[in-house]
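In: I would like to see how this sequence folds:
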Amino acid sequence: MCIGNSFSWDAVEQELVPLCDEKGVQIEVHNLYYGGCSLQQHAQFLLHDKAAYSHRVCTNEEPRIIKDTITLRQALQDGEYDYISLQQASHDSGIRESYEPWLTMLIDTVRAYQPNARLCWMQTWAYSQDATHSAYPRYHNSQQEMWDSIVVCTKSQINHHQLPIIPCGLAVQYARQTKLGDTMCRDGYHLNYTYGRYTAACVWYEILTGKDVRFNRYKNAEMTSEQRRLSQKSAHKALKMVEKFGL
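Out: Residues are numbered from 1 along each chain as shown. Below you'll find the predicted structure:
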């Protein structure tokens, strides 16, 4: 289950199930979606027990079902999850002061309700170089500065809690260094519907299945074989390089 926003929508709702289908892996993905939701906003929803989240469920049988709105507490009490991910809103992802005390509050709550789940951190990605997002000036409209800030926050804020990293941000950054270039986003910050979302889903696929995504033949109808290869390579490399980055 993702406690997320539109970035978890990008990462898990479109391409993850088809990747699993190709290898006969049964999966059930839950995404608690609230657009632009920061750690502070998640914590406030929790404190007020607000039914703010669109509950999206993706399975092998049903690609995507949008259920009734739900509270975080209800979701945590609704069955058992193998993995639960937290993430910061993209615009705050490189701002150290935006993480606490909200992150600790959310971690403690998740662990209280789901002690057997593996709690993880989904690392978001830096914006495109030409992004026009209103928060981009925080990083002086620099993709490299934003990415460096995300890495610093991952090391200082997330490693402190010893959360395993789902390095979607690192995979996107590696993909930008290939022939795909700085084209991973459709609007400067959300991933494009072809190889952008596919790259993030490949990271999740390897973590959840333990399988090397480079041997997965699935690609969506809009992708070329070369885009699939580069996306898979970038995701696989990100997972191999997490330790080197100190993440």
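In: Just give me the neighbour total for Thr109.
Out: Thr109 is flanked by 18 other residues according to other Cβ atoms under 10 Å. Every C-beta, even on glycine, is put in place using the N, C-alpha and C of the backbone.
In: Excluding sequence neighbours, find me the nearest residue to it.
Out: Leu46 (6.1 Å; Cβ to Cβ, 6 or more residues apart in numbering).
In: What about Gly94, how many residues nearby?
Out: Considering only other Cβ under 10 Å, Gly94 is surrounded by 23 other residues.
In: How about Asp82?
Out: 12.
In: What of Leu47?
Out: Neighbours around Leu47, by other Cβ under 10 Å: 11.
In: Would you map the helices across this structure?
Out: Secondary structure of the chain (DSSP state H): helices at 6-12, 16-22, 39-47, 72-77, 102-113, 143-153, 168-176, 195-209, 225-241.
In: could you dump these to CSV with distance to Leu86 and mean pLDDT?
Out: Formatted as CSV, those follow (distance: least, Cβ to Cβ, whole Å; pLDDT from 0 to 100):
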stretch, distance to Leu86, mean pLDDT
helix 6-12, 10, 98
helix 16-22, 18, 98
helix 39-47, 7, 98
helix 72-77, 11, 97
helix 102-113, 6, 98
helix 143-153, 13, 97
helix 168-176, 13, 98
helix 195-209, 14, 98
helix 225-241, 19, 97
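In: For the residue nearest to Thr109, give me its contacts.
Out: 71-73, 105-106, 109 (Cβ atoms under 8 Å, 6 or more residues apart in numbering).
In: ok, and the closest non-adjacent residue to Ser8?
Out: Excluding the flanking residues, the one nearest Ser8 by Cβ to Cβ, 6+ apart is Cys2, at 3.9 Å.
In: Next: Asn116.
Out: Glu80 (6.5 Å).
In: Val172 versus the one you found, what's the distance?
Out: Per Cβ to Cβ, to the nearest Å, Glu80 is found 31 Å from Val172.
In: neighbour-wise, which of those two wins?
Out: Counted by other Cβ under 10 Å, Glu80 and Val172 do not tie: Val172 has more neighbours, with 28 against 9.
In: measure the residue nearest to that one when sequence neighbours are not counted to Phe7 for me?
Out: Residue nearest to Val172 in three dimensions, not counting chain neighbours: Trp125, with 3.9 Å by Cβ to Cβ, 6+ apart. Using Cβ to Cβ, we find Trp125 at a distance of 8 Å from Phe7.
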